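Q: A predicted structure for the sequence below; I have some questions about it.
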Amino acid sequence: MAPGKKKPRTYDSARTRAAVTAQFAHVADAVSGLSAEELARPTHLGAWTVGELAAHIAWIADSLAGSLARPPAAKAVLGAAAWPFATAPLAGRIAEAATETLSGAPLPELLERAAARMAAALAEHRDDRVLDLWIGAMTLGDFLVTRTVELVVHTDDLNRAAGLAIPLDRQALAACVRLLADALADRAPGGSVEVRIPPFAVVQCVAGPRHTRGTPPNVVETDPLTWIRLATGRTAWAGALADARVSASGERADLAGLLPLMR
């Protein structure tokens, strides 16, 4: 490992697998009973309706199974924290693939089929299996952590668009927050700003004088859901500050130029 480079965060395999399964089940339970009118409601994600967003979530599980069905790659080249920056160029391709894969069946059937395929595939493979993905080769263990981000972010999207109250699995929420916090630290390496997202993550970032003891001179603090919305472009930095959903103290504690990390 290069001098000064942080060791990647590790995640508990059993907890991550359980979190992905649980969060997908929460979504499936909530949206399977929605009416046609409710599924046709708009979201804040371009032209997507609630039904199309729910179908995309089904694709998240279905595509995981599909990735495991392909021959493995020889060596992982991406870690979990690099994933947010690798997805943007593929947004259109992902949307097209989801539409092609999931068209022609009722939403409850899509969700049930995707859950079954994902469960069967995960039962057959260990976390060190290297997936040959569009964004680059990644271990199954790291890719599963990225699935918590997809599932948590889109669960929040569904809740806001459809007026639902789909629960967020605590372990899925924790993994999502930590991955996005680590991605921020990778984007802006340094130790002059401490970013706190209690109770799940604390990272240091931004080049400048490094804090070693006592109260850091530059501190950003927010709650998990606000952090996720900031990191994914659902909430603007200025608006979160104005609404007191973020506190930022110190001359370097302005993250507006670093966010969002992904959309």
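A: Arrived safely. Residues are numbered from 1 along each chain as shown.

Q: mind listing the strands for the stretch 1-150 of the chain?
A: For the stretch 1-150 of the chain, the strands defined by DSSP state E, counting those that start in this stretch occupy 130-131, 138-139.

Q: can you put those in CSV and add mean neighbour count?
A: Glycine gets a C-beta too; all of them are placed from N, C-alpha and C. Listed next are those as CSV, based on neighbours: other C-beta atoms under 10 Å:
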stretch, mean neighbour count
strand 130-131, 19
strand 138-139, 23
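
Q: any low-confidence regions in the chain?
A: The model of the chain has pLDDT under 70 over residues 1-5, 90-95, 97-104, 211-214.

Q: what's the nearest residue to the residue nearest to the spatial centre of it if we skip its chain neighbours?
A: What sits nearest the mean C-alpha location of the chain, by C-alpha atoms, centre = their mean, is Val149, with 1.6 Å. Leaving out its chain neighbours, the residue that sits closest to Val149 by C-beta to C-beta, 6 or more residues apart in numbering is Cys176, at 4.7 Å.

Q: what packs against whichever helix or strand that neighbour is part of?
A: Using DSSP states H and E, Cys176 falls within helix 170-187. Packing partners of helix 170-187 (3 or more C-beta pairs under 8 Å, 6 or more residues apart in numbering; DSSP states H and E): helix 13-31, helix 83-86, helix 140-162, strand 193-197, strand 201-205, helix 224-231.

Q: any idea of the angle the first one forms with helix 170-187?
A: Going back to what we said before, that points to helix 13-31. Using axes from the mean of the first three to the mean of the last three C-alpha atoms, to 10 degrees, the interaxial angle of helix 13-31 with respect to helix 170-187 works out to 110 degrees.

Q: now helix 13-31: how far from the chain's centre is it?
A: Offset of helix 13-31 from its chain centre (C-alpha atoms, centre = their mean, to the nearest Å): 13 Å.

Q: and what of stretch 109-124?
A: The answer for stretch 109-124 is 20 Å, by C-alpha atoms, centre = their mean.

Q: same deal with stretch 105-112?
A: The chain centroid and the centroid of stretch 105-112 are separated by 23 Å under C-alpha atoms, centre = their mean.

Q: residues of that stretch that come out buried?
A: Buried residues in stretch 105-112, counted by 16 or more other C-beta atoms under 10 Å: 107, 110-111.

Q: check stretch 153-166 too.
A: Under the neighbour-count criterion of 16+ other C-beta under 10 Å, stretch 153-166 has 153-159, 161-162, 164, 166 buried.

Q: what do you get for stretch 72-90?
A: Neighbour counts over stretch 72-90 (16+ other C-beta under 10 Å) mark 72-73, 76, 78-84, 86-87 as buried.

Q: out of the residues you listed, flag the one nearest to Ala54.
A: The shortest approach to Ala54 among these belongs to Thr87, at 19.9 Å (C-beta to C-beta).
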